[in-house]
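Asker: what shape does this take:
(chains A, B and C)
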Amino acid sequence: MKFGVLRFPGSCDEVDALYAARRVGDAELLWHGDRDLRGADAIVVPGGFSYGDYLRAGAIARFSPVMESVIAFAREGGLVLGICNGFQVLCEAQLLPGALLPNTNLRFTFRQVDLEVVERDTAFTCACLVEGEQAGDVARLSIPAKHSWGRYYADDATLAAMRENGQIVLRYAPGQNFNGSIEDIAGVRNERGNVFGLMPHPEHAVDELTGSADGLCIFASMRMAAEGADASGLPPRIAGGARV
Amino acid sequence: MSVRARVLIRPKAGILDPQGEAVQRALPALGFDGVQNVHVGRMVELDVPDQTQLEPMCEKLLANPLVEDYEIVLDV
Amino acid sequence: MSSVTLPSLQDALELGLTESEYDLICEKQGRAPNQVELAMYSLLWSEHCAYKHSKKLLRTLPTEGKHVVMGPGENAGAVDLGDGLVCAFKVESHNHPSAVEPFQGAATGVGGILRDIFAIGARPIAVLDSLRFGEPEIGLPYPFNEVEEDKGRSGREKEINTQHPQELGETAAKLADKRSKLAANRSRYLLDRAIAGIAHYGNSIGVPTIGGEVYFEAPYEQNCLVNAMALGIGERDKLVTSAAVGIGNTVVLFGASTGRDGIGGASVLASAELDISPSPNQNPPLGGDSSGKGPNGHNRRSTVQVGDPFEEKKLMECSLELLQRGLIVSLQDLGAAGLTSSASEMASKGEVGIDIDVSKVPLREADMKPFEIMVSESQERMLCVVEPANVAQVLALCEKWEVGGAAIGAVTDNGCMRVFDRGELVGDMPVRVLVDDCPLYDLEPIKPASTPYRPARPPQALRSPPTQPRELMLALLRSPNIASRRPLFEQYDSVVQSRTVRRPEQADAAVLAIRPLDGSERGPIPGIAVSIDCNGRRVAADPYTGTVAAALECASNLACAGAEPLGTTNNLNFGNPEKPHIAWQLTESVRGLGDACRALEAPIVGGNVSLYNESPPTRANAGPIYPTPVVGMVGRLPDVRRAGRSGFARAGDAIAIVGPFVPCLAASELAKLRGESLPDGLPAIDLDAVVAAQAAVRDAVRDGTLSSAHDITEGGVVIALAECCLAGGLGAQVDFPAEEERRDPKRDDLERLFGECSGAFVVSGEQAALCALAERTSIELVGTVEGSSLVVGSQIDVSLSDLGRAHSALAELFA
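Answerer: Down below sits the predicted model:
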């Protein structure tokens, strides 16, 4: 299992994503000017300020050479994860529905947020276990979010379709939606289920030493989805890092 | 001969515009009362050889039609 | 050389040189300087570049020690971390630009200090900031809108000159209240925009902002302080200096293009007392109208530089890759005084000459004159020296990172800084004269008969301070200097780069793993801890002791995290040193800094001086700032798994006060709240006792025997206890011994509860572990972690939620 992590001029969290991915598999950085995905089994579009976020977050990165290949890769069913700025890029590229708008507080805001895993049967959340699970338990992830342009928006028709198709994967837990996202949406997938974007940063929640390891299950899920059910690459204790 | 154009981009009607709201809230404090419908957007200025390029340019890059309206103003 | 009219002595004076300095330049050069030369001399001989009033004092500071790898004089200092790695760090001020345009001023301050770090070959891993503003008047409805009678000007610029209200009748007191509100408008604006600027730059470039400090005091109202500190990690054998070497080597300028940003900034902005109002007489005498602005259109805003973090991000990656691939022999960033300073410094350090042809510099604006190109402070630029064979590769790498690059000159053996314009010689100065021959001045320190600082006006929301301990505690928790900084640090990315083990408010010092955490760690994970501090009010009360206290507090913060100091950086922010009183503050402060750093074995490896932070005396709250020697300290800890925390962690733990606890209300936050005058002097500090206490706490944290450790500072022990409760989400039951059992029965209750001192800590853990500290320092068991309230004897009983509400008072500044 190899993750390819994109690197644009202005990417900031690409090395963090690289290290996080390496906890569950192989990973390497892919330069924005290069169309070759170097045999990656899954793509991570990382956080940061690609091309300075000028014009509109993600608007210019979406037209980079590497994104042409990523769009083709996604159309063939390849797994693509977009984090923060990466989520914005995937929305701009129309691989994901909706758009990201400025936070309602108009400030860059860093906060450790609790997320509820709405859909657990996805390629990006299937490893998010709940210890000692009972029927009806909701997996919760504690993950940092940090952005100034993270208010998710989609029109009513799109939202209805997304609900219908199980495309709303993560929501901010009650009281945690600081950016004003519609319906508390924190992460969405495409209809086919192979492209996923979220504003919070799972790559910054992969080690208890830095505050939480809950984000690891996102990367572990991708490995499981790519290689089969028992291949999360992690001892069960960590794979089930998500808590009730 | 290229044409000087200004593209005005603003949030679509009905979409929350916290920047506009912040400006609207700040004006009365400075003694400017009764101001309404404040919206904050962007302006892109450009010289284009062919003005028919402007609309596709807006649709593809300059604006995000999902959430933004745009208006093309030509310098005559 | 071209035969334009030579600038006059008058021009030199307007550029900030003295008559004797101008005469000295003429004498050393053997002729009068031309336009280009005078512009360059005026910058390099300014206070900002030449440290002419502080250099002699700075030479008394300890700069050597077993951990020091690079000391003062380089772009940044560096200390050894073992394993072939070093930590580079430095603090620098951007005070005057921030007072003029706080967002860009603060942003470019961060940009500048980051360039200093990667200029020596270290990758920036963290930013901290140290900020000072006037009183924000929290707790009153905002925005303050009382400018009806003067609608012609905005509230921010409005000034009403009054004297202190205590000397005045009721009407005048109301006027003073109004004036404070208007001043608060500006202070809030400066705070808001400076924080946004720091966040914009640091967040966008992918360097975490992991800590800092902010104080609000009236003497900073007209002169805010914005100091930024950065840290980097580099490989010891890959560090690079700025000394230009190799006669015949090429000088390459890379990064952003050069415009008219900040022309005259270093001499006009950074070395003169600040008058914020537009001043039509600020025309640079040298072709001032060539910028397209009319003779009266120049105000100081035209010297503000604009930063672009995206450009800097590319510049940083490009610089680090150039060094990694061994393509350059020396590297220097362009900061104050632009090419003038960078090229001359590189030549001076390498004891060589440099030729520059300004016509080869990529320009943002056409028709820039040679002197403008030489003094431009356009941001995000670096200068490097390259062997001719490598120039093509260097330029190719610049292209890869989408960074502009141009060969603009060469290293020569003639010892001269020569400027050419399309091959024509337009400036020729001996490097030694330009860089080293600026006269250094002796200070004439005289201790003033009485403090020049007025007592603080109690905040309007609290005109009659409470007297009961419970209400006092809540008032202090709400006060701007003590309330939680969460609304500020929430605007910063503190975790990018996967190193941050302790974020703001988790421990007294920020803690970072030396290597990014990637899951492969086995055994101990070495880390660094960093703290920045200075309580200017205490320094104003006693420049020597207050400065010692600032350095000690940094070390105490490191001890609470489990780290021992490796090195120190400092930024001396003072008023006009030509005034005897300020000279005395500066002299005493530097003496204190030296003594403290020697005691802590934490030598100074670099720093910065910002003088003339005072306003013309015609304004209210004018005069000098509080003397503010900001101290930044970096320490090492063997294993971040055992990094300390400030919050109580476990119900049932014992609580103790550890170290020399000698609380004193003089110059304390409580004294400020009560509107008391600054005392003349602070109680002396027992340095040995403090250093011993710090070592005891540090070792206990490293051994894992303490659940929490927090030093006692502003607001005294009760505020420290409240902070421990809030950080851990646990209550505490505390009892101080009865009056007759105390070491000093004369001390009154309030002094015990709210008095401040250096080197004392609140720690928690198992009782036996706490008692074991008694072998090394003094310790007093005072209570237990329990419940969900802070209970102190019979006087204080406040729930965690009430504590939290008071502590979050600053949120309204960012609502």
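Asker: contacting residues for the closest residue to residue C:660 other than its chain neighbours?
Answerer: If the residues on either side of it in the chain are set aside, residue C:660 comes closest to residue C:689, at 4.3 Å by Cβ to Cβ, 6 or more residues apart in numbering or on different chains. Backbone N, C-alpha and C define where each C-beta goes, glycine included. Contact analysis of residue C:689 by Cβ atoms under 8 Å, 6 or more residues apart in numbering or on different chains lists C:659, C:660, C:759, C:777.
Asker: so residue C:124 is in which element?
Answerer: According to DSSP states H and E, residue C:124 maps onto strand C:123-133.
Asker: quick one: name whatever helix or strand follows that strand.
Answerer: According to DSSP H and E, the helix or strand after strand C:123-133 is helix C:170-205.
Asker: how far off centre is that following helix?
Answerer: Centre-to-centre, helix C:170-205 and its host chain are 18 Å apart (Cα atoms, centre = their mean, to the nearest Å).
Asker: now it against strand C:123-133, angle please.
Answerer: When axes from the mean of the first three to the mean of the last three Cα atoms, to 10 degrees is applied, the directions of helix C:170-205 and strand C:123-133 differ by 170 degrees.
Asker: how about helix C:170-205 and chain B, touching?
Answerer: No - figure legend: helix C:170-205 not in contact with chain B (Cβ under 8 Å from any Cβ of the partner chain); closest approach 9.7 Å.
Asker: and residue 51, how many neighbours?
Answerer: The chain I'm using is chain A. 24 (other Cβ atoms under 10 Å in any protein chain shown).
Asker: switch to chain C, please.
Answerer: 18.
Asker: tell me the contacts of it?
Answerer: C:58, C:440, C:609.
Asker: how about 10 Å then?
Answerer: Each residue near residue C:51 by Cβ atoms under 10 Å, 6 or more residues apart in numbering or on different chains is listed here: C:57, C:58, C:438, C:440, C:572, C:608, C:609, C:611.
Asker: which one of the residues you listed is nearest chain A?
Answerer: residue C:608 (26.9 Å; Cβ to the nearest Cβ).
Asker: what's the distance between that closest one and chain B?
Answerer: For residue C:608, the distance to chain B (Cβ to the nearest Cβ, to the nearest Å) stands at 36 Å.
Asker: where does chain B come near chain C, residue by residue?
Answerer: B:25, B:26, B:28, B:29, B:30, B:31 (Cβ under 10 Å from any Cβ of the partner chain).
Asker: buried ones in the strand or helix carrying residue C:433?
Answerer: In this assignment (DSSP H and E), residue C:433 forms part of helix C:431-436. Burial within helix C:431-436, assessed by neighbour count using 16 or more other Cβ atoms under 10 Å in any protein chain shown, is assigned to C:431, C:433, C:434, C:435.
Asker: low-confidence ranges, chain A, go.
Answerer: A:229-244 (pLDDT under 70).
Asker: wait, is the residue nearest to residue C:660 part of a strand?
Answerer: No - looking at residue C:689 with DSSP: H, G, I helix; E, B strand; the rest coil, it is helix, so not inside a strand.
Asker: quick one: classify residue B:10 as helix, strand or coil.
Answerer: strand.
Asker: relative to residue B:45, how far out is it?
Answerer: Residue B:10 is 16 Å from residue B:45, where distance means Cβ to Cβ, to the nearest Å.
Asker: the more surrounded of the two?
Answerer: Taking other Cβ under 10 Å, residue B:10 and residue B:45 do not tie; residue B:10 has more neighbours (18 against 10).
Asker: tell me how far the nearest residue to that one once chain neighbours are set aside lies from residue C:678.
Answerer: Closest residue to residue B:10 in three dimensions, ignoring its sequence neighbours and counting by Cβ to Cβ, 6+ apart: residue B:41, at 3.4 Å. Counting by Cβ to Cβ, the gap between residue B:41 and residue C:678 amounts to 51 Å.
Asker: what about those two, which has more around it?
Answerer: Per other Cβ under 10 Å, whichever of residue B:41 and residue C:678 has more neighbours is residue C:678, with 23 against 17.
Asker: sort out which residues of stretch B:20-34 are buried, please.
Answerer: For stretch B:20-34, by 16+ other Cβ under 10 Å, it's B:20, B:24.
Asker: next, the contact list for residue 206, please.
Answerer: Just going to use chain A. Residues near residue A:206 by Cβ under 10 Å, 6+ apart: A:16-17, A:19-24, A:143, A:212-220, A:238, A:241, C:498, C:517-519.
Asker: sorry, should have said chain C
Answerer: Contact analysis of residue C:206 by Cβ under 10 Å, 6+ apart lists A:10-16, A:47-49, C:124, C:309, C:313, C:316-317, C:493, C:496-497.
Asker: state the helix or strand in which the most centrally placed residue in chain C lies.
Answerer: The C-alpha lying nearest the average C-alpha coordinate of chain C belongs to residue C:227 (Cα atoms, centre = their mean; 2.6 Å). For residue C:227, the element it lies in under DSSP H and E is strand C:225-235.
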